[in-house]
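Asks: missing the sequence, but the structure's below:
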């Protein structure tokens, strides 16, 4: 009856399983494993405080408190 099972669904079945797995692996590798929602780094927070101090949004005492908390 079935002389060559590769001519039926047998040829495509491994690809139906492997192709989505390969696509997911490539997607994760291209993103570098990074999350979209990363927390800001300490340097970023200090840079924001510097900009706020330069614009006059915070005073020098507040800026020094922020620097101390970030360096701890």
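Replies: Ah, there it is. None of these values were measured; they are calculated from a predicted model. Numbers count the residues shown, from 1 in each chain.
Asks: Need the three-state assignment for residue 44.
Replies: Assigned by DSSP: H, G, I helix; E, B strand; the rest coil, the conformation of residue 44 is helix.
Asks: tell me the contacts of it?
Replies: By Cβ atoms under 8 Å, 6 or more residues apart in numbering, no residues touch residue 44. All C-beta atoms are positioned from the backbone trio N, CA, C, and that covers glycine.
Asks: low-confidence ranges in the protein?
Replies: Applying pLDDT under 70 to the chain flags residues 1-12, 33-42.
Asks: can you give me the helices for it?
Replies: Ranges of helices in the chain, per DSSP state H, are 13-31, 42-55, 60-71.
Asks: Give me the buried positions along the second one.
Replies: Which is helix 42-55. For helix 42-55, a neighbour-count test (16 or more other Cβ atoms under 10 Å) marks 49, 53 as buried.
Asks: burial count for the nearest residue to residue 46 once chain neighbours are set aside?
Replies: Nearest residue to residue 46 in three dimensions, chain neighbours excluded: residue 70, at 5.4 Å (Cβ to Cβ, 6 or more residues apart in numbering). By the criterion of other Cβ atoms under 10 Å, residue 70 has 12 neighbours.
Asks: so how far is residue 61 from residue 70?
Replies: Per Cβ to Cβ, to the nearest Å, residue 70 is found 15 Å from residue 61.
Asks: Right, I'll leave it there.
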